[in-house]
Each structure stands twice: as structure tokens, then as C-alpha cells.
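**Q** coordinates only, sequence not included:
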Ligand code: SAH
């Protein structure tokens, strides 16, 4: 673990802005990275940072580094890479499968799923889902902004929307649905109707196995009986309940992910630098 820059106090470090820079910009001390016009605008006009400001840049491959901001002309900017704060590390987490709901609530689901540490997000089309199309670019922008804020080093993989029955039919062949020992990733179906164990009992047996469970949350209209019957035939699916009230989809996503992370995920850890 690289040490933070000794000239920065911890309180300054926590407040320094974070910027996700995709891998094609491999960081090394002394390297100067030219920013895109959008990134330059974000730092210069939106955050209104002054020249020489120290910020943090990160990505999954190179970890998190300190960098100093330099202006180029009236609109562009470069970053001088200084030193490494956090080495790259794998950030495993639960998966989220969800049926998109209204735009604002769907955006909230993406943002909260990133903060709660999901590793992969798969929007699924169900019989009652609101839409068959998603704006993947918008989802990815929301995910990057949420990762910058919550101090993740990785951006979760977000797949394009796919029919639920298709995901399920190739679940165990999915290259990373299998853990290293070849066990299939459990799928916890948030079932507001029918038979379901309370979530804390529903996945006891999965609690300490890798890979972490996937969560499936339905649309505003819920799942159709035929979908629930098909899911009940799959041995990797467990129905779980989230209490006696009917939650909005976005509430169910947040509640289920929080419980999974607290029970068998990374909530034993504290935020970086605050250990
Ligand atoms: N159409 C349903 C509500 C669907 S809520 C009705 O009005 O009765 C959207 C999704 O949130 C559901 O498909 C389910 O996946 C999840 N959900 C909501 N409340 C839940 C609960 N108490 N237990 C488990 N899952 C729940």
C-alpha cells in the first residue's frame, strides 16, 4: 500500500476531488496526461479548481494517484501525475439484475448500486418492465460519477438490457457467474409475493461462499406468475422476502444490497484512509 503524499494532511486528501481516468492513460510519476475537453471543463468550470490544485485520479488497473492540475489555454488542462496513494485492487461485489423503472428511479438505482459496491449490473426485460431499451451511456456516466464520489477504484460493468429468460438460460455458462471453484453464483429473487424466506434466512448457506450472490428485483408491476414459476425451477435461485410491506423497486434494490453486503460482502471494511 503506497503512502499518501506526506505534504498533504488527511483532511486535505479527503476533500481533494477524484477523477476517473480510463486505463488508456497509464499513470506513472512525472507523466503528464492531457485531459479531454469534457474533463477539463469539469475541473476548470464546474469544480472551478485553480491551477496547481492537487486532485486524485484513479482506475481499476493503476489504483489511485495524486496529480497536479495545469491549465492549457482557455479551455484545456493537463495533469502531472505525482505519487501513488492506493495500489490497484480487485473490488468484488454482488451483482444486480433489475427491471428498469421510470427514468429518475432507474438513475437512482444505478447510483446507489455503485455506492453499495456491486460488481456487475444487468438490466433485464421482464413481461411487465417499463421499457425494452436503456441509455447505456447515461448509466455509465452515472456510475463513473458515483464511483468518484464513494471512493471506489473500479466502475461496475453495466450490460445492455437483455430478456430475463435469456440471462437465466445461460447463467451457469456465464463466464464469470462461476466462482473459481466452479460453484454457480446464487441468484436471490426479491419476491414480494408467493413463498419467500426472510432475506437473512434465505441465503444463509450462501453467506460465506464465493462468488457473492446476485440480486434480482422486478419492475413496478412485479413479476408475472409464469416468470416466478420459471424461476422456481432453477436450483441457483432462492426467493427472499424484504419484510411485510411492498417496497418500490429502488427501495428493494437498496435494502437487498445493503443486507447482502453487511452479511457476506465487504462491509467489514472501512473506507480507505480511515482505517
Ligand atoms: N407489483 C407489486 C410491486 C412490485 S415492487 C405490487 O404492487 O404488489 C417492485 C419489486 O420490488 C418487486 O418485483 C420485488 O422484486 C421487489 N419487492 C418489493 N417489495 C418486496 C418485498 N416485501 N419482499 C421482496 N421483494 C420485494
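**A** Here it is on my side, so go on. Note that the coordinates shown come from a computational prediction; the quantities given were computed from them, not determined experimentally. Residues are numbered from 1 along each chain as shown.

**Q** separation between residue 93 and the ligand?
**A** For residue 93, the distance to the ligand equals 19 Å [CB to the nearest ligand atom, to the nearest Å]. Glycine gets a C-beta too; all of them are placed from N, C-alpha and C.

**Q** wait, doesn't residue 86 sit right on residue 153?
**A** Yes. Taking contacts as CB atoms under 8 Å, residue 86 lies within contact range of residue 153: 6.6 Å.

**Q** Any chance you could list residues touching both of these two?
**A** 58, 63-64 (CB atoms under 8 Å, 6 or more residues apart in numbering).

**Q** Can you name the element that comes right after whichever strand or helix holds residue 137?
**A** Following DSSP states H and E, one finds residue 137 within helix 136-150. Going down the chain from helix 136-150, the next helix or strand is strand 157-158, by DSSP H and E.

**Q** Local confidence estimate at the closest residue to the ligand within the chain?
**A** At 2.5 Å from the ligand, residue 218 is the closest residue in the chain, using CB to the nearest ligand atom. Turning to residue 218, the model gives it a pLDDT of 97.

**Q** Residue 204 now?
**A** pLDDT, residue 204: 66.

**Q** Residue 76 and residue 33 touch, don't they?
**A** No. With contacts counted by CB under 8 Å, residue 76 stays clear of residue 33, the gap being 11.8 Å.

**Q** In contact with residue 108, which residues?
**A** Applying CB under 8 Å, 6+ apart to residue 108 gives the contacts residue 250.

**Q** which parts of the strand or helix carrying it are buried?
**A** If you go by DSSP H and E, residue 108 is part of helix 103-115. The neighbour-count check on helix 103-115 (16 or more other CB atoms under 10 Å) flags 105-115 as buried.

**Q** before we move on, what about stretch 188-201?
**A** Across stretch 188-201, burial judged by 16+ other CB under 10 Å covers 188-192, 196, 199.

**Q** With pLDDT and secondary structure added, can I get these in TSV?
**A** Shown next, in TSV, are those (pLDDT from 0 to 100; DSSP: H, G, I helix; E, B strand; the rest coil):
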residue	pLDDT	secondary structure
188	94	strand
189	96	strand
190	96	strand
191	93	coil
192	85	coil
196	86	coil
199	83	helix
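
**Q** which two from those end up farthest apart in space?
**A** Largest separation among the buried residues of stretch 188-201 by CB to CB: 188 and 192, giving 13.3 Å.

**Q** Now do the same for residue 220: helix, strand or coil?
**A** On the three-state scheme (DSSP: H, G, I helix; E, B strand; the rest coil), residue 220 is labelled coil.

**Q** All good on my end, thank you.
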